[in-house]
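Colleague: The sequence and its predicted three-dimensional model are supplied below.
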Amino acid sequence: MAAVKPCIKPNIFDDSEDDDGPAVFKRTSTSKRTQLNSELKKSSSQRHDGPSVRSVSDTPNGKNSTFQKGKAVSSAKVSLVKSNATSSNASPSTQNKSNSSQQNAQINEKEKKHSNKPQSESNVESDDDKPLGVRLATASAALLKNRSPDVLKGLSSSVRNSSQSVKTKVSIKKSDEDLEDDIPLSSKYHLKLSAGPSSKNYYDSNEDKTLVSKLQQNGSSKQINEPFKSPKGLNKRPLSEGSTSVQSSIKKSKLSPTQVPAKVKQVTVKAETKADDDDNVPISQRMKKSTPSDIKSISTKKTTKIVSTSFKKTSKKSKKFEKNSKYSKSTNVQPTSGEGQKWASLVHNGVIFPPPYKPHGIKMLYNGQPVNLTTEQEEVATMFAVMKDTDYATKPKFIDNFMNDWRQILGKNHAIKKFELCDFTPIYEWHQREKEKKKQMTTEEKKALKEEKLRQEEKYMWAIVDGVKEKVGNFRVEPPGLFRGRGEHPKMGKLKRRIRPSDITINIGKDAPIPECPIHGERWKEVKHDNTVTWLAFWNDPINPREFKYVFLAASSSLKGQSDKEKYEKARLLKNYIHDIRAKYTKDFGSKDITKRQVAVATYLIDKLALRAGNEKDDDEADTVGCCTLKVENVTLVPPNKLQFDFLGKDSIRYFNTVEVELPVYKAIGIFKDGKSVGEDLFDKLDTSKLNAHLKELMPCLTAKVFRTYNASITLDEMLNRETEDGNVAENIVIYQHANKEVAIICNHQRSVSKSHSAQMSRLSEKMDELKAVLDELEDDLMRAKKGKPPSRGADGKPKRNLSPEALAKKIAQTNVKIEKMERDMKTKEDLKTVALGTSKINYLDPRISVAWCKRHEVPIEKIFNKSLLAKFAWALDVDPSFRF
DNA sequence: ATGCCGACTTGCACCTAGAATT
DNA sequence: AATTCTAGGTGCAAGTCGGCAT
C-alpha cells in the first residue's frame, strides 16, 4: 500500500473494552450530542488561519554557534570499553517464555481473541508482546562496573585521541562519585536483564530463522534482581560532555517529509479496535488491507459496534471508579467530529499577565562602585543576580548571552561594559532577604496572599468547551527572565522579554465574548475562531520567534483525555502488528538496499531500545540526538556483537548503554559507520519523515514514538500480571512500583540526585548502625539471660531490666524486622535516586492497565494515582477489570 | 523532495505545602 | 514546635509529527 494513507484518527478504536458503549466523554453538565452533530456539518476550512502572523525574527545573535562549534566531539571510550565488555560477555541463555505465557490464567475473551493471530497463536503472543529490550537485553555488567571514570567522563575522547580535537568542553567538575551516578538508567536495566537465563529470542517465531539462528539468544531474566548499583555518589548527570560540534557543519537543515499521508482528522466515529477485529485475518493481509478501509472512520463505526458488543458480553464493569469521573459514556457520538473539529463552542477569559516589575532600588556594584540603573536595566540585572547559586551563573555562554542582551538595554554609553567588573551581590542579598521575609510570614498571612492570588486568577482558570467547564492548563503568561536552556544550549542566558497583550493571539468561539484585555490601554494582537485546534491563546516565543507558546486546556480536560486514549489505543493496535513488523525488519537487516537496511536497523533500535525518532535540529539548539540523528561516534562496536550507545538525548540527558544485538545489526552498524568520520550521521539515508513514512506502511498511523508507548505499557502489563501474587495492598504497591521503575529505566527517564541525598543516606546508615548495636546488645543479653546472668549495663551505665529470654527473643525479632525494613528502604532510595518514575506514569503507561490491575487485586486506585492523575485519567477509571493492554 | 510552520506531547527542575520525624 | 523530607503541582523547555508551499 502506498506509503501514504490517511491516518485515522483513532476514533477508530473501540472503546468497547472498557465500557459498554462506545465511549464518549461525557461532560458533566451538558451533553455534547447536539453540538456534535452540528460540528459534523461544519467544514474545517478554517484550518489555515493558525497562528500566521509572526513577527520577524529578531534574534540578534541567533547565530551564536560558536560555542557549540567549539565543542569537541567525543566518543572515545572505545578501547576501554571494548576490553571490559568482552569480559563481561553475558551468556545468552535461552529459554523460554513459558513463564510469561501462563501468567494469566484468566485471560479474558479479548485476550483470547488476540491470540488468534496467525502466527502468534499458541501463546507465542506472549513473546511478541514483550518489549524487545526485555527479551533481548544485554548488557555488560562488568563493563559498567569497570568503567573508569575516564570513560564516563569523556565521551570526549576519541576525538581527543584522534587528535582532531579541539575539545573544548567546558569542564565540569566531577568527583568520582559523581561518575557513578552518571550511569544511565538504561544501562542499569539492561544490566540486570542480561544476566540471566532468558526468554527466547524474540524473533524466533519469524520466518527468518537463518538470521536468528546466527544470533545468540540472550535473555532477559527478570529474576536477576540486582540492578546495577551505584555505590555512592551524588550528583547529576553528565552533561555536555557528549556530542559536539563537528557535526554542526554536517548537519542538514531540517528534515524533510517525504510523503505525508493526508490526515484524516479526528473523525468521528469510534473506531474499533481494529485489532480485535482483524484478528482472524493473517497479519500480512491485514496490513495491506487495513488501512484504507478500517481506518477510515465511518465504516469503522459499524464494525466497532459489533465488535464491542461481542466483547462486552463477558465483561461486567465495575463502576466504582466512575463517580469521580467527569467523563462517561453517553452516546455514540464522538466528541469531535467533522473534519478535524475539536470543539463547537469555546468560551474563556484569555490569559493573565505577570505583574509589572517593581524596582527595589538596590544598587549593584561596578568596579566596586554603586551604579544607577533605570527600572528596566535593574530588572534585567536582578534576573541575573537571583540566579547566583545556579550552575547557569558560571557558564560562559550564559554570561555572554546575558551580557549581550543586557548591554542593549544599558545602551551604548553606559558605564557597565564588562561582566568581570559587575558585582550583583547587593541585589542577590536583597533577594535572599525577601525570600526570608516571605518564609517568616505567618500562616494566616500566607493564606491571605494565596487567596488574593486565587481571586485574581480564578476567572482565567476555566474555559467552557462545548458547554462543559474545563480547567485551563497554563493561563499565566510567562514572565520575563533569562532563558534557561538545557544542556549546552547556545541561547542560554538570553533575555526572554516581557510578553504583552499585543503579542498574543486569542482563539475563542465565534459566539463567545472576546476576553477583555487585562492590561489597560492595550489590546490583543489578534482574535481568531479556529475550532480545528485546541489552543486558547498563543504568542511567539521571544527566544525563538518562529516558535510558539500555547495556552491549552489542562490534562484533566476531555479534549486531552480523548487524545490520550487515542494514543494508547494506537499503541495497543501495534500489539497486533508487532510480530510482523519485527519479522520484516529482521529480514531487512540483510537487505542490499542500503536505505532499506538503515530503516530496518533504525526501527529495530527504536523498538528494542525505546529510542526517540530523532528529528534534525538547528544549530541554535542544544546538540542532542535521537535515533535518526545518531552520529557515528555515538555507537561503538563492541565485539562480538554488542553496541555501546553514548549520546545526549532529549533535554541533554545522557543515554549510555551497551546492548547485545543480532549479528546482522551489529554488522550493519559497522557498515554504516564505515568510511565516515566523527560528526557524520550514522543513518545517512534516513530522517524521521522517511522512517515514519515507512512505519506507516506497516501499520496505519504508526510512528516512531508509538513504540515507546507500546513497550512501556506492555512491560507494565506483563510485569504486573506476572509478578502479582495474592499479597496485601502494600506488597502489591511494591510490585507496581517495581514495574514502574523498569519502565522508567527502559525509557531512560532520569532525574538529578537531590542535593541532600548523600546526607540523607548517611543519616540512615547511622541509624542503621544504632539499630545494629541495639541488636548486638540484645543478643548479648539473651545469651546472658539463658545462662541466668543479668543483662549487661546499658551504654549509660544504668542497669537494664531483667527480661526473660522469651521477651528478649521477641525484641530481637522486632529489631531484625526494623533493620530489614530499613535496609530495603535504603536500597530503594539508592536505586531510585536517579530514576524518575513520574514521566512514564504520566505519559507512557496506559492508565487502564493500572486501573484494571487495581480492581483485580483490590488495591485502591488512589494508592497508584494521585489526585491530578486521577483527573487526567478519568477516562480510564471505569475500565473493565479484565482489561489487558 | 525539502523546508518550514504549526500544534501538540513529553520531560526535567524547581517550589511548596504538608507529612513525617525529631 | 522545629526541622527535614517528600509528593505533587507548576513552569517552561524540548521533543514528535503532520501538512503545506515550494
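Modeller: Thanks, I have the structure now.
Colleague: you'd agree A:Ile519 is up against A:Phe353?
Modeller: Yes: taking contacts as CB atoms under 8 Å, A:Ile519 lies within contact range of A:Phe353: 6.0 Å. Every residue, glycine included, has its C-beta placed from N, CA and C.
Colleague: ok, is the helix or strand A:Ser563 falls within in contact with DNA strand B or not?
Modeller: Take DSSP states H and E as the rule and A:Ser563 turns out to sit in helix A:558-588. Yes: judged by CB under 7 Å from any atom of the strand, helix A:558-588 comes into contact with DNA strand B at A:Lys560, A:Ser563, A:Asp564, A:Lys567.
Colleague: Turn the residues you listed into JSON lines, columns for distance to DNA strand C and neighbour count.
Modeller: Listed next are those as JSON lines, based on distance: CB to the nearest atom of the strand, whole Å; neighbours: other CB atoms under 10 Å:
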{"residue": "A:Lys560", "distance to DNA strand C": "13", "neighbour count": "19"}
{"residue": "A:Ser563", "distance to DNA strand C": "12", "neighbour count": "16"}
{"residue": "A:Asp564", "distance to DNA strand C": "14", "neighbour count": "19"}
{"residue": "A:Lys567", "distance to DNA strand C": "10", "neighbour count": "17"}
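Colleague: where do the helices sit along the stretch 301-450 of chain A?
Modeller: Using DSSP state H, counting those that start in this stretch, the helices of the stretch 301-450 of chain A run over A:375-385, A:396-410, A:425-440, A:443-461.
Colleague: Dump those to a markdown table, plus mean pLDDT, distance to A:Gln737 and mean neighbour count.
Modeller: Formatted as a markdown table, the helices of the stretch 301-450 of chain A follow (pLDDT from 0 to 100; distance: least, CB to CB, whole Å; neighbours: other CB atoms under 10 Å):
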| stretch | mean pLDDT | distance to A:Gln737 | mean neighbour count |
| --- | --- | --- | --- |
| helix A:375-385 | 97 | 40 | 20 |
| helix A:396-410 | 96 | 37 | 19 |
| helix A:425-440 | 90 | 33 | 13 |
| helix A:443-461 | 89 | 33 | 11 |
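Colleague: Select, out of those, the one closest to DNA strand B.
Modeller: Smallest distance to DNA strand B across these (CB to the nearest atom of the strand): 5.4 Å, for helix A:443-461.
Colleague: Grab the CA positions of the helix or strand following the closest one and hand them over as CSV.
Modeller: Sequence order places strand A:462-465 as the next helix or strand after helix A:443-461, per DSSP H and E. Output of strand A:462-465 as CSV, limited to C-alpha atoms (Å, rounded to 0.1, in the frame of the first residue of the first chain):
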residue,chain,number,x,y,z
TRP,A,462,-11.6,27.8,33.5
ALA,A,463,-12.9,27.6,30.0
ILE,A,464,-16.2,26.3,28.8
VAL,A,465,-15.8,23.9,26.0
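Colleague: Which neighbours in the sheet does strand A:462-465 have, and how are they oriented?
Modeller: In the sheet, strand A:462-465 lines up against strand A:346-348 (antiparallel), strand A:468-471 (antiparallel) (DSSP bridges).
Colleague: quick one: is it near DNA strand C?
Modeller: No: using CB under 7 Å from any atom of the strand, strand A:462-465 never reaches DNA strand C; the gap is at least 12.8 Å.
Colleague: What's the mean pLDDT across that strand?
Modeller: For strand A:462-465, mean pLDDT is 96.
Colleague: Flag every residue of the stretch 701-850 of chain A that's near DNA strand B.
Modeller: By CB under 7 Å from any atom of the strand, the part of the stretch 701-850 of chain A that sits against DNA strand B consists of A:705, A:708-709, A:747-752, A:767, A:836, A:838-840, A:842-844.
Colleague: Now do the helices in the stretch 651-800 of chain A.
Modeller: A:663-673, A:688-698, A:704-723, A:729-746, A:757-786.
Colleague: Same list (the ones you listed) but as a markdown table, adding mean neighbour count.
Modeller: Output for the helices of the stretch 651-800 of chain A, formatted as a markdown table (neighbours: other CB atoms under 10 Å):
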| stretch | mean neighbour count |
| --- | --- |
| helix A:663-673 | 19 |
| helix A:688-698 | 21 |
| helix A:704-723 | 24 |
| helix A:729-746 | 21 |
| helix A:757-786 | 15 |
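Colleague: Of all those helices, which one is nearest A:Trp535?
Modeller: Among the helices of the stretch 651-800 of chain A, the nearest to A:Trp535 by CB to CB is helix A:704-723 (20.9 Å).
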